[in-house]
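Chemist: next come a sequence and a model predicted from it.
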Amino acid sequence: MLIFYAIFLSLILSLGSAYSTLSDDTLKNLPSPGDDFHIKQGSILAPILIPRVSGTEGNAAVLRHFVDFFKTHLPKWNLEFHNSTSTTPTSNGKQIPFVNLIATRDPPGAQVGEVGRLALVAHYDSKLTPTGFIGATDSAAPCAMLLHLARNIDAALTKKWGAMAAEGIDELDEQKGVQILLLDGEEAFQSWTDTDSLYGSRALASDWERSFHPAMSTYRTPLDSISLFVLLDLLGASSPNVPSYFKTTHWAYKNMAAIEHRLRELGIFKSSPNHSSKMEKRKNKKPRAEPHFLVDAEKGDKMFMGGFVQDDHVPFMARGVEILHLIPTPFPRVWHEMDDDGDHLDMDTVEDWTRLVTAFAGEWMELEGFFDFKKEKRKESYEKTEL
Ligand SMILES: [Zn+2]
């Protein structure tokens with residue numbers, strides 16, 4: 001009886017908590033976004049680099065781009081729109097629509113309410129002022145990173161879940177999914193207050209809190225189903241300094257910091273001053289100091305003072321969701337300025353963030369051994385010759 005209890009307990013503890021590192025080979029071979037992130041013609045990033053204020057045609061066009069992307073490349077992902085409306089300080093009493101896009105990939109056959117999900121989140125609306133504002137770091141680039149990430153782990157997820165089904169592994173062992181939340185209405189229309197900001201995330205968190213899964217579900221609501229809410233914001237400028245904001249998710253921060261360290265050691269972090277592309281142009285070949293994006297890997301438990309940045313995670317955090325907030329302090333110099341545009345992105349940094357967050361998702365989903373890089377490359381070159 002005691003033994004049975006111990007096995008049962010370890011099974012419960014293993015749900016959603018397993019995490020395993022990727023090999024050096026996998027880290028090296030994760031495909032980079034390359035031309036897809038070209039700021040003028042890139043199929044992923046360029047269509048997002050337009051003004052996309054909530055309720056405008058630009059906003060709708062960017063949403064269509066996301067939907068097209070998933071429908072074309074990722075048909076196994078379930079797409080949902082979450083709609084809400086609100087007046088704003090500048091709408092003269094008119095209701096403005098806010099549309100969040102939720103893209104989810106769960107293990108095949110999983111019951112709703114039984115899947116714990118890694119949620120990867122960014123906002124896609126842009127700020128009303130200054131007129132014509134693009135918001136490349138805020139948050140066009142983070143949205144592009146998440147699309148690329150989804151495409152890069154998709155085949156590995158299929159392969160992993162296929163292998164598990166072939167081996168007859170009980171679905172209890174794997175109840176982990178991935179969710180990408182592309183949120184609308186993050187920006188204030190006039191100036192940041194509790195009611196003039198976070199329109200999309202406030203509505204979503206509040207609705208999800210009241211959407212109950214079937215009775216006896218492991219996770220009561222879609223909010224409960226989020227094991228970790230990773231929010232990307234203001235990423236894409238060079239030399240970001242991203243602190244660890246929350247003690248309860250510092251373990252996840254440290255896992256990501258460990259990946260960053262390994263990527264730098266492997267010489268594949270393109271923004272590093274010691275990357276081969278930078279060394280070639282330099283006379284003095286002595287290695288330079290290597291500041292990390294994630295600066296708080298060594299932060300002790302007692303050093304968490306409770307400070308954080310107001311952002312889309314707040315309505316979720318207030319309802320008990322665990323948050324990993326990837327936002328630099330200080331903000332990029334271009335923050336809320338006209339020159340937060342494609343030309344001012346540091347593309348090496350954008351690429352490094354993409355690889356880092358993709359690798360983190362790969363470790364979270366335990367995808368080591370399920371990536372098939374040769375096949376991916378063949379497909380890419382085939383597609384190119386076809387053009
Ligand atoms: Zn902003």
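Modeler: Alright, I've got the coordinates.

Chemist: got a list of what the residue lying closest to Trp364 once chain neighbours are set aside touches?
Modeler: Once flanking residues are discounted, Trp364 sits nearest to Leu118: 5.0 Å by C-beta to C-beta, 6 or more residues apart in numbering. Using the backbone N, CA and C atoms, a C-beta is placed for each residue, glycine as well. Applying C-beta atoms under 8 Å, 6 or more residues apart in numbering to Leu118 gives the contacts Lys176, Gly177, Val178, Gln179, Ser227, Leu228, Val230, Ala361, Trp364, Met365.

Chemist: mind checking how far Leu118 is from Asp106?
Modeler: Leu118 sits 11 Å away from Asp106, taking C-beta to C-beta, to the nearest Å as the criterion.

Chemist: which residue would you name as the spatial centre of this structure?
Modeler: Averaging the C-alpha coordinates of the chain gives a centre point, and the residue nearest to it by C-alpha atoms, centre = their mean is Leu120 (3.4 Å).

Chemist: now for that residue: which residues touch it?
Modeler: Leu146, Leu149, Val178, Gln179, Ile180, Leu181, Val230, Leu232, Val357, Ala361.

Chemist: could I get these as CSV with distance to Leu263?
Modeler: Formatted as CSV, the entries for those read as follows, by distance: C-beta to C-beta, whole Å:
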residue, distance to Leu263
Leu146, 18
Leu149, 15
Val178, 21
Gln179, 25
Ile180, 22
Leu181, 25
Val230, 17
Leu232, 17
Val357, 11
Ala361, 14
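
Chemist: and which of these is nearest Pro222?
Modeler: Using C-beta to C-beta, Gln179 is the member of the contacts of Leu120 that lies nearest Pro222, at 8.8 Å.

Chemist: show me what that closest one is bridged to.
Modeler: Thr104, Ala119 (DSSP bridges).

Chemist: which of the three states applies to Val99?
Modeler: strand (DSSP: H, G, I helix; E, B strand; the rest coil).

Chemist: partners of it in the sheet?
Modeler: Counting by DSSP bridges, Val99 is bridged to Asn83.

Chemist: do the same with Asn78
Modeler: Using DSSP bridges, the bridge partners assigned to Asn78 are Thr104.

Chemist: next up, the contacts around it.
Modeler: When contacts are counted by C-beta under 8 Å, 6+ apart, Asn78 is found next to Ala103, Thr104, Arg105, Asp106.

Chemist: hmm, the third one is touching Leu157, no?
Modeler: Spelled out, that is Arg105. Yes. Arg105 lies in contact with Leu157 (C-beta atoms under 8 Å); the separation is 6.1 Å.

Chemist: tell me where the stretch 51-200 of the chain has helices.
Modeler: Taking DSSP state H, counting those that start in this stretch to define them, one finds helices in the stretch 51-200 of the chain at 57-73, 141-166, 199-209.
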